[in-house]
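**Student:** Give me the fold of what follows.
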Amino acid sequence: MAVKHIDVSMLVVGESYTRTQLAKLWGYNGTRGMEKGILPAADHVVVLFTTEKKSSYHVTKYVDHLSGNRLEIQGQASHLTDRVVMDEASVFYSFYRSEATNAENKIQPFRYLGRAELVREECRLLSDEPSRFVFHLMDIDNAGE
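**Tutor:** Numbering: from 1, shown residues only. Now for the predicted structure:
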């Protein structure tokens, strides 16, 4: 998936969007790169797609948690985006859903939480398991409550 410029100016904080809607908006030919949870974009931007309760089809059960304005996520098992998150990105946009599917097994959209700031001193780069990243949500009050 090619790196794209991400324009969030038309998005509304607190509103829900599907990956398909966002892919079309941003000029992607599908959602494949968005499914990894950490999407590097142009201009030192990273988009975070966080699902707290994973579906049975998720091979890796990353531990992600939202509490108030604090978002804690695990990086990719491959560690391919660790350096991007810690060293290269300066702007983060966060999308969150509490669970991947509802009771009818229908895929749930993500709620746009706006900008997120990396809490660098609380992050842990690991080699034998996914790294841990902590973010402070800047645009929404008590997002996880």
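**Student:** helix, strand or coil for the most centrally placed residue in the chain?
**Tutor:** Residue closest to the average C-alpha location in the chain (C-alpha atoms, centre = their mean): residue 48, at 1.8 Å. Per DSSP: H, G, I helix; E, B strand; the rest coil, the secondary structure class of residue 48 is strand.
**Student:** didn't it look like it was pressed against residue 89?
**Tutor:** No - between residue 48 and residue 89 there is no contact under C-beta atoms under 8 Å: 10.0 Å. In this view, the C-beta of every residue, glycine as well, is placed from N, C-alpha and C.
**Student:** Can you point out the buried residues in the longest helix seen in the chain?
**Tutor:** Secondary structure assigned by DSSP state H gives helix 19-26 as the longest helix of the chain. Residues of helix 19-26 classed as buried: 19, 22-23, 26 (neighbour count, 16 or more other C-beta atoms under 10 Å).
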